[in-house]
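Trainee: Requesting a structural model of the entry that follows:
(chains A and B)
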Amino acid sequence: MQKVPFVTSYLTEHFADDAYATLAGYQGRGGYQAAKKALTEMTAQAVVELMKTAGLQGRGGAGFGTGMKWSFMPKGEENPKYLVCNADESEPGSFKDRLLMERAPHQMLEGILIGAKATGASKTFVYIRGEYAAAADVLERAIAECRDAGILGANCLGSGFAHDVVLTRGAGAYICGEETGLLESLEGKKGQPRKKPPFPAQFGAFGMPTTVNNVETFSHAPHIVKNGAAWFRGFGTEKSPGTTIFGVSGLVQRPGLYELPLGTRLDEIVFEHAGGPLPGRKVKGVIPGGMSMPILPVSQLDVPMANEFLRERKTMLGTGGVMVLDDTTCMVRVGVVITYFFRDESCGQCTQCREGTGWLHKIMQRIERGAGAREDLDILLDIASKMEGQTICAFADAAAWPVQGLLRHFREDFEAHIAHGKCPFPQSFEL
Amino acid sequence: MPKITVDEIEYEVAEGRTILQALDDLGVLMNGVDVPHYCWHPKLSIDGSCRLCQVEVEGIPKLQIACNTPIADGMKVHTQSERVKNAREGVMELLLVNHPLDCPICDQAGECKLQDYAFEYGAQHSRSQEPRRAAKKRVDLGPTIVFDQERCILCRRCVRFCREVPGTGELAVFARGDHSVIETFPEMPLDNDYSMNVADICPVGALTTKDFRFKIRVWFLEDVPGVCTGCSNGCNVHLGVANNRVYRYTPRRNDAVNQTWLCDEGRLSYRRINADDRIDHAAVRNGDGNLDAAPYETALAAAAARIRSVIETKGGGAVGMLVSPHATNEDLGIARRFLAALGSTQAGFALLRGRKDELLIKEDKAANAAGARALDFGDAAPLLERVRGGAVEALIVMGQDVLAPAYPGALEALACADTLVLLDTHRSHLESLAHVVLPARVAAEKHGTLTNHAGLAQTVEPAVEPAFEARSEGEALWRLGQLLDLAGFSDPYEARTGA
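Mentor: Numbering: from 1, shown residues only, chains lettered A, B, ... in the order given. Alright, predicted model coming up:
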């Protein structure tokens, strides 16, 4: 049974049912009806249009329109076309995809079939985070069930459409969650993002046209095909329809996964669903969407969790990984931890990222041990600004934004370290 | 053809190129249009990682890397805007965060792109007070190259070179982030026919050649354009000259001949110029059978006297010539004229052959074999037979390719000549047979043209002057022709007219 609490909605509705992870259990609840409809009754164009009308946005962090992304794939059949399901889930604070795969593998596979119809892909590579051994086992079983039942293979669901799914396990690098870093790793190379152009839709996995979508993105697709765009738009905001699964972690009473409509207020998630701070503590700040998203202070949690609102507060939804930090937390230590992570995980190709992540971390460490100077804060922001938007992939942005967020809202923590020559938060977590 | 505007100047460019490629095609890159770059190299695949070549393209909000941005008709590019300058300064500052400040003891100083660009585009001071990355020093990568990991800026040109040019792939980037390092794989040294090119394309002092490092500071060197004479490819080189000595060859770009590369064997062939075994004085064989050193003019007169006696007794047709495929077309032209004036048809050339590959290395190990063929010099073997048979009594021999395995018994055949005049650059067994030895000049010491395997004639100019009296084969023959009163040789050598 699930170890974390969740709020039930369509993605997670049957998570409590162990049988939902099996083909029989999934089909017993209407599974693969949507795929059958897409494969037999709809044109590829109609599926793409449906996703555009529904307004499904990618749930992997960037929030790009799924229908639009699928429409980039070339028409015609000269070369094989591929889908890739990004199941690398490497963003710290994110753990929704793991449960989606462990509890509802067929929901994702059905979404993959719908995506395959839309893009004309003959094969999907599921690139799963190496540590997700249990999820990988569940998926392997589910894929085998589908092949045996004729859902995958040369004649999917009797439609004449051929599609197969191949599972590949990653070897443990954050950057392999970036779509082109993933493609390199999938091909057996070092996980380093590719320069663009060419884009994956022209030159993707093994040089073939490829579209990469996140586990959760695929998982929404069957529900949209089954219930229609208007139904989907009944959840969420006008610009950000649907639900998403917020993974709440950190210093709260009830950390866990909460499937809620996009646009649910952050304070509602933290204080109502997750039960608020631990006894006797106060919330200090919340990272709204995985570690790379800029932090918000407690005074700014009255924000609907959708990009159009979060952008006004200079942050983003990211993967929906909500990390709650309370009043014992030293934000400089948070900065040390975050910059250490990005320093360690930078692939090292681009100058700004390779050198900038290390420099940020070294300065953070120095400030934390009390050897910082006021100019260091300006240097941190300047380094971050020189990393942002200038590299092959968004990793450098992901490394720069949290530093900017911490200094935007918690500058006093940094100044206190500099003024006192040591960390003023005796109760904070140890490094 | 599409037109693009770069810094308000319109250029017509080829289809399908990126901004940096188009600027390179036009010959304006870093030669009117300054777009500094590290990872991009005209003959390697695009990497896009150093991020130094960022430019502003109108209509695109983010700065774009010029190396990988395809040109589009009507594109307007700005390479000198404030945003571009700030980005460059940022990249330079970040590259220097971990780069050691050891320019005074770094062999690359003076031809270092990090030094140059830091001066041109960087801030004048570093704001970093953090300790620099410590990494391996003086790593022995293989027989030719030494690597300093600390100085490496990870542009990965060397990695791509090994994969894409020789195809050997010895180098790779290991680890990631700011602990990334370039290394060889265990038990697999950097060892291929083109390994030393990595030192040329390394923008910093990370990769240096064992041959050249610490020999001389580069600012003392004058780069004299020349041609490598190691084989018939005719790779274009710069001869690094100081104190009337050639310290190295570096490749000189010629897209039609050698692109930007040079093979290791050819590169090291500069050593032949300063070699200890150069023939550094003229000599004449005395009555006891020993070679005595003699002034050049004396030896020349002795050669003329011996040849004159053959002409007088047997006629000009008994004088033969084994010409050198290392001589210039001008030298060989004079040889032809010399033979014509004698009325002799006894001529040929010997050629050392060897290993070849698909890239630069050619089978003919001489710079002007094609020139010799074009001047109707045939194979040496029939000539050697006639020498053996006594039809040729006096033989002028240039060069020592006749000692190659392809000419078995050559020494015995040559021993049959009554008179052997040797015009050569380096010592060999031929001296034991010669009656007169006249020191010759190597290509780096003379004017002329060399015709490569593809028929391209390339000019060479003197880069150094021999420390002893030596004359080109052509000049030696000319002066000999004058001493023999041959028709058409009356003008002074310097005022000679074409044959």
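
Trainee: Return the residues in contact with the residue in the stretch 251-400 of chain B that chain A sits nearest to.
Mentor: Proximity to chain A, evaluated over the stretch 251-400 of chain B using C-beta to the nearest C-beta, is greatest for residue B:260 at 22.0 Å. (Glycine included, C-beta is placed from N, CA and C.) Contact analysis of residue B:260 by C-beta atoms under 8 Å, 6 or more residues apart in numbering or on different chains lists B:41-43, B:197, B:200-201, B:251, B:253.

Trainee: rerun at 7 Å
Mentor: By C-beta atoms under 7 Å, 6 or more residues apart in numbering or on different chains, the residues touching residue B:260 are B:42-43, B:251, B:253.

Trainee: Which members of those residues are the farthest-apart pair?
Mentor: Farthest pair in the contacts of residue B:260 (C-beta to C-beta) is B:42 and B:251. Separation: 12.3 Å.

Trainee: quick one: which of these two has more around it?
Mentor: Taking other C-beta atoms under 10 Å in any protein chain shown, residue B:42 and residue B:251 do not tie; residue B:251 has more neighbours (24 against 13).

Trainee: partner residues bridging the more buried one?
Mentor: According to DSSP bridges, the residues that bridge with residue B:251 are residue B:237.

Trainee: so it touches residue B:198, yeah?
Mentor: No: between residue B:251 and residue B:198 there is no contact under C-beta atoms under 7 Å: 12.0 Å.

Trainee: and for these two, which residues touch both?
Mentor: The contact lists of residue B:251 and residue B:198 share no entry, where a contact means C-beta under 7 Å, 6+ apart.

Trainee: about what we covered before: tell me the predicted confidence for the residue of the stretch 251-400 of chain B closest to chain A.
Mentor: At residue B:260, the model reports a pLDDT of 98.

Trainee: Around chain B, pick out the residues from chain A.
Mentor: Contact residues, chain A versus chain B (C-beta under 7 Å from any C-beta of the partner chain): A:195, A:197, A:343-352, A:354-359, A:362-363, A:379, A:386, A:389-392.

Trainee: try 8 Å
Mentor: A:173, A:175, A:190, A:195, A:197, A:343-352, A:354-359, A:362-363, A:366, A:375, A:379, A:383, A:386, A:389-392 (C-beta under 8 Å from any C-beta of the partner chain).

Trainee: Buried only: go through those for me.
Mentor: A:173, A:175, A:190, A:195, A:343-352, A:354-359, A:362-363, A:366, A:379, A:383, A:386, A:390-392 (16 or more other C-beta atoms under 10 Å in any protein chain shown).

Trainee: Would you state the strands of chain A in chain order?
Mentor: Listed in chain order, the strands of chain A (DSSP state E) span A:82-87, A:123-128, A:164-169, A:210-214, A:243-250, A:256-261, A:283-287, A:296-297, A:321-326.

Trainee: Of all the ones you listed, which one is nearest residue B:283?
Mentor: Here strand A:210-214 is closest among the strands of chain A (C-beta to C-beta), at 74.6 Å.

Trainee: Now find how far off-centre the closest one is within its chain.
Mentor: Centroid displacement of strand A:210-214 relative to its chain, using C-alpha atoms, centre = their mean, to the nearest Å, is 13 Å.

Trainee: Let me know the average pLDDT across that strand.
Mentor: 98.

Trainee: tell me what that strand is packed against?
Mentor: On a contact count with 3 or more C-beta pairs under 8 Å, 6 or more residues apart in numbering or on different chains; DSSP states H and E, strand A:210-214 meets helix A:66-71, strand A:82-87, helix A:105-119, helix A:179-186.

Trainee: Swap in 7 Å and give it another go.
Mentor: Here strand A:210-214 touches helix A:66-71, strand A:82-87, helix A:179-186, going by 3 or more C-beta pairs under 7 Å, 6 or more residues apart in numbering or on different chains; DSSP states H and E.

Trainee: got a markdown table for the ones you listed, with mean pLDDT too?
Mentor: Below are the helices and strands packed on strand A:210-214 laid out as a markdown table (pLDDT from 0 to 100):
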| stretch | mean pLDDT |
| --- | --- |
| helix A:66-71 | 97 |
| strand A:82-87 | 98 |
| helix A:179-186 | 97 |
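
Trainee: Pick the most deeply packed of these.
Mentor: Most buried of the helices and strands packed on strand A:210-214, by mean neighbour count (mean count of other C-beta atoms under 10 Å in any protein chain shown): strand A:82-87, with a mean of 27.

Trainee: Can you tell me the strand partners of that strand and which way each runs?
Mentor: Short version: by DSSP bridges, strand A:82-87 pairs with strand A:123-128 (parallel), strand A:210-214 (parallel).

Trainee: Relative to residue A:346, how far out is the closest residue to residue A:395 other than its chain neighbours?
Mentor: Excluding its sequence neighbours, the residue lying closest to residue A:395 (C-beta to C-beta, 6 or more residues apart in numbering or on different chains) is residue A:353, at 5.7 Å. According to C-beta to C-beta, to the nearest Å, residue A:353 and residue A:346 sit 5 Å apart.

Trainee: Mutual contacts of these two, please.
Mentor: Both residue A:353 and residue A:346 are contacted by residue A:395, under the criterion C-beta under 7 Å, 6+ apart.

Trainee: how about low-confidence regions in the chain?
Mentor: All of this is about chain A. A:1-7 (pLDDT under 70).

Trainee: oops, I was thinking of chain B
Mentor: The model of chain B has pLDDT under 70 over residues B:497-499.

Trainee: Check it for its longest helix and report it.
Mentor: Ranked by number of residues, the top helix in chain B under DSSP state H is helix B:296-314.

Trainee: Chain A too?
Mentor: Max-length helix for chain A by DSSP H is helix A:351-368.

Trainee: Packing partners of it?
Mentor: Counting by 3+ C-beta pairs under 7 Å, 6+ apart, helix A:351-368 packs on helix A:331-345, helix A:374-387, helix A:395-409, helix A:411-420, helix B:82-97.

Trainee: Which one of those helices lies nearest to residue A:18?
Mentor: Here helix A:331-345 is closest among those (C-beta to C-beta), at 34.6 Å.

Trainee: Which strands or helices does the closest one pack on?
Mentor: helix A:351-368, helix A:395-409, helix A:411-420.

Trainee: Could you give the number of residues near residue B:432?
Mentor: The number of residues packed near residue B:432 is 12, by other C-beta under 10 Å.

Trainee: Wait, a helix at it?
Mentor: Yes: with DSSP: H, G, I helix; E, B strand; the rest coil as the criterion, residue B:432 is located in a helix.

Trainee: I'd like the distance between it and residue B:418.
Mentor: Where residue B:418 is concerned, residue B:432 sits at a distance of 16 Å (C-beta to C-beta).

Trainee: re the thing from before, might one say that the residue nearest to residue A:395 is in contact with residue A:387?
Mentor: Yes: under the criterion of C-beta under 7 Å, residue A:353 makes contact with residue A:387 at 6.3 Å.

Trainee: Settle it for me: which of the two has more neighbours?
Mentor: Using other C-beta under 10 Å, the more surrounded residue of residue A:353 and residue A:387 is residue A:353, with 34 against 31.

Trainee: quick one: the more buried one from residue A:221, how far?
Mentor: For residue A:353 relative to residue A:221 (C-beta to C-beta), the value is 33 Å.

Trainee: host element of residue B:458?
Mentor: With elements taken from DSSP states H and E, the one containing residue B:458 is strand B:457-460.

Trainee: can you pull the contacts of residue 217?
Mentor: Using chain A here. Counting by C-beta under 7 Å, 6+ apart, residue A:217 touches A:56, A:58-60, A:66.

Trainee: my question was about chain B
Mentor: Residue B:217 neighbours (C-beta under 7 Å, 6+ apart): residue B:110.

Trainee: again, only this time at 6 Å
Mentor: For residue B:217, the contact set (C-beta atoms under 6 Å, 6 or more residues apart in numbering or on different chains) is empty.

Trainee: where does it fall, phi/psi-wise?
Mentor: Backbone torsions for residue B:217, taken as degrees, to the nearest 10, come to phi -70, psi 140.

Trainee: would you list every one of the helices in chain B?
Mentor: B:19-26, B:82-97, B:113-121, B:157-164, B:197-201, B:264-268, B:296-314, B:329-342, B:369-374, B:380-388, B:410-415, B:430-433, B:473-483.
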